[in-house]
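Asks: got a predicted structure here, sequence first:
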Amino acid sequence: MLTKTLKLPVLSLFIADTLLLTKARLTLSVVFSSLAGYLLAVPSPNALHILILSLGGYGLAGASNAYNQIIERDIDALMVRTRNRPIPAGRMSVPYAFGIATTLLIIGLVLLYVLNPKTAMFGAISVFLYTCAYTPLKTRTPLSVFVGAIPGAIPFMLGWVSASGSFGIEPGILFMIQFFWQFPHFWAIGWLMHSDYSRAGINMLPTGKPDRATALQIILYTLWTIVISIFPVFGFSGTLQLSIAAAIAVGIVGLVLLWYGFGVYRNQDEQAARKLMIVSIVYITSIQWIYVLDKFI
């Protein structure tokens, strides 16, 4: 009985650390984006396809996050926000984390290849860019946000490609929506975490500091996000359609995001940046729901 009692906390800690290593909440949001893209592409959902896409998507996103934490383990140890992650905290060794990441990568690629080769290819590109380009650039240049926005934008369009087996204007629009959205989102995070990031030599803000010029760029990219999000209502996006009512709903949510972007411009403080970060998450989730509901209702 004593042995079993001792094993349970160890197993619980292993599960908790594995979830931290793969950034489970972030990874699940990636899976949700890919499922939204899939639902927009099909006349009727297929349960097996959804399961394979979910597991494969979690595998690749989880692998990307795990590799990221392996590469940034010394940086993570310097920041308050990340020092309790399993590797810098000493609860998980690098070889063990590498084994988990590689296993997830292989499983994810195999599952997405089962759907079609293009889905696996875009998934592999996403992992490569995130780990081999975005991650090392974070300590070198604020342009890392532009590079990171590419793999970050792939999941929404990946769902469409998994259903259609091809890339066209429809998944291209989905890609652009999530691509432009990431700038106000990550610049809000960069503003909020500027002091913590500075200790580790990371600077994600376009001007290098939380100032009015950075806030202005947040507003400009928010405007581009709104424009591309309502673009399908004009009928130039192939089979990806958006009704007038849905476009109005997307526009309203976009104006809310823009309002909080102006809040950062007005106040230039961490509280405004925190609000923008939260609202940006609500925005991308809301418009994905609006797109899907608009199609099936």
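Replies: Sure thing, it's come through.
Asks: thought Met157 was touching Phe175?
Replies: Yes: the pair Met157 / Phe175 is scored as a contact, 4.1 Å apart, by Cβ atoms under 8 Å. Where C-beta positions appear, they are placed from N, C-alpha and C, glycine not excepted.
Asks: report the mean confidence score over the helix or strand where Ala16 lies.
Replies: Taking DSSP states H and E as the criterion, the element that holds Ala16 is helix 2-21. Taken as a whole, helix 2-21 carries a mean pLDDT of 70.
Asks: next: stretch 242-260.
Replies: Stretch 242-260 comes out with an average pLDDT of 97.
Asks: rewinding a little: quick check: next helix or strand after the helix holding Ala16?
Replies: Downstream of helix 2-21, the next assigned helix or strand under DSSP H and E is helix 24-41.
Asks: put the alpha carbons of that following helix into PDB.
Replies: C-alpha atoms of helix 24-41 as PDB (Å, rounded to 0.1, in the frame of the first residue of the first chain):
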ATOM      1  CA  ALA A  24      -1.400  21.900 -23.100                       C
ATOM      2  CA  ARG A  25      -3.800  24.900 -23.100                       C
ATOM      3  CA  LEU A  26      -2.000  26.500 -26.000                       C
ATOM      4  CA  THR A  27      -1.800  23.200 -27.900                       C
ATOM      5  CA  LEU A  28      -5.500  22.600 -27.400                       C
ATOM      6  CA  SER A  29      -6.200  26.100 -28.800                       C
ATOM      7  CA  VAL A  30      -4.100  25.100 -31.900                       C
ATOM      8  CA  VAL A  31      -6.200  21.900 -32.300                       C
ATOM      9  CA  PHE A  32      -9.400  24.000 -32.000                       C
ATOM     10  CA  SER A  33      -8.200  26.300 -34.800                       C
ATOM     11  CA  SER A  34      -7.500  23.300 -37.100                       C
ATOM     12  CA  LEU A  35     -10.900  21.800 -36.300                       C
ATOM     13  CA  ALA A  36     -12.600  25.100 -37.200                       C
ATOM     14  CA  GLY A  37     -10.800  25.100 -40.500                       C
ATOM     15  CA  TYR A  38     -11.800  21.500 -41.200                       C
ATOM     16  CA  LEU A  39     -15.500  22.200 -40.400                       C
ATOM     17  CA  LEU A  40     -15.500  25.100 -42.800                       C
ATOM     18  CA  ALA A  41     -14.200  22.800 -45.600                       C
END
